[in-house]
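> Got a predicted structure here, sequence first:
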Amino acid sequence: MKIIRAQDYNELSSVVAGAVITKINHFSDLEKECVLGLCTGSSIVGTYALLVKAYEQAQVRFTNVQAFNLDEYVGLDVDNPQSFAYFMTQHLIHKVDFGKGMWHIPFLTEQLHDNAIIEECYAYEQAIRTTGGIHLQLLGIGQNGHIGFNEPGTGFDSATHTVRLHEATRQQNAQYFGGIEYVPQEAITMGLSTICNAREIILLASGVAKAQALKAMIEGPITHLLPASILQFHPQVTVVADTDALSKLSASTLAMLAR
Ligand code: GLP
């Protein structure tokens, strides 16, 4: 696991945006499709803003990109401002030149019966597999160590599935909904095996609220009680974090940082 220390949120965003642009342009030079896994949340907003800026300045195009979002609340339509789909359209998808049908996000309504849910999860996995797999997956991290919506206790072999959200996760997201009572109870998410099948992963973390989860992910045991710890198994993970998020790492880990 490589760890890049950014001085602040702006530097973090610029490092991650730079890596994404390099990846897209690498595949574009080869005239091949670049498959990205995308995440939502406050940590990634700055990165998407820089990607949009780079697109406007003709430093990158998205015509060779196919993208899959990590997760979504169950029951929220794409035009619901609290949905991750809406977040994506506002911050990236509608602001750059993605080809039609090249951006995907899992979607479930509340009324679906079990078979339809299984079919949607399977179809999402299949859609990713059909591309040949994700080249670069972007990830945030929850304060309880979740990635995507894979809450503590999720099996390491999990594929795309539905999840009952933990109270702590609903609490963290309550600010976006105007109160915890409005936060959906369920979500659909890529599983931990889906995420780990990506060839390369960048995990972003900003702020002191993420410091404990980040320490456990990097220095703690690999355990399903902290889903992000599975990333220790993955050969190509880069953590890009600001000083606050790295503030709880031990002196020996800090001494090994790339910068
Ligand atoms: C939600 C998403 C996660 C994301 C996390 C962190 O829980 N399901 O995929 O990583 O938020 O978001 P933020 O960057 O806002 O802290």
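Cool, the structure landed. Remember, predicted model here, so these are calculated numbers, not experimental data.
> need the strands for this structure, in chain order.
Taking DSSP state E as the test, the strands found in the chain are 2-6, 34-38, 65-69, 71-73, 103-104, 136-139, 161-164, 186-189, 200-205, 237-242.
> CSV for the ones you listed, including mean neighbour count and distance to the ligand?
C-betas here are computed from N, CA, C, even on glycine. Shown next, in CSV, are the strands of the chain (neighbours: other C-beta atoms under 10 Å; distance: least, C-beta to the nearest ligand atom, whole Å):
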stretch, mean neighbour count, distance to the ligand
strand 2-6, 18, 14
strand 34-38, 23, 10
strand 65-69, 23, 9
strand 71-73, 22, 5
strand 103-104, 19, 16
strand 136-139, 26, 6
strand 161-164, 18, 10
strand 186-189, 23, 7
strand 200-205, 23, 7
strand 237-242, 24, 12
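> Let me have the ones you listed in a markdown table, extended by mean pLDDT.
Formatted as a markdown table, the strands of the chain follow (pLDDT from 0 to 100):
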| stretch | mean pLDDT |
| --- | --- |
| strand 2-6 | 95 |
| strand 34-38 | 98 |
| strand 65-69 | 98 |
| strand 71-73 | 96 |
| strand 103-104 | 98 |
| strand 136-139 | 98 |
| strand 161-164 | 94 |
| strand 186-189 | 95 |
| strand 200-205 | 98 |
| strand 237-242 | 98 |
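> can I get these in CSV with distance to L249?
Output for those, formatted as CSV (distance: least, C-beta to C-beta, whole Å):
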stretch, distance to L249
strand 2-6, 8
strand 34-38, 26
strand 65-69, 29
strand 71-73, 27
strand 103-104, 35
strand 136-139, 18
strand 161-164, 29
strand 186-189, 27
strand 200-205, 11
strand 237-242, 9
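> In contact with the residue in the stretch 151-259 of the chain that the ligand sits nearest to: list those residues for me.
Relative to the ligand, the nearest point of the stretch 151-259 of the chain is T169 (5.7 Å; C-beta to the nearest ligand atom). Contact partners of T169, counting by C-beta atoms under 8 Å, 6 or more residues apart in numbering, are G142, N144, H146, F149, E151.
> please redo it, this time with the cut-off set to 10 Å
Shown in contact with T169 (C-beta atoms under 10 Å, 6 or more residues apart in numbering): G142, Q143, N144, H146, F149, E151, P152, V163, V183, A187.
> Quick check, pLDDT for it.
pLDDT for T169: 88.
> Distance of it relative to T253?
26 Å (C-beta to C-beta, to the nearest Å).
> what's the answer for F87, then?
Distance of F87 to T253, given as C-beta to C-beta: 32 Å.
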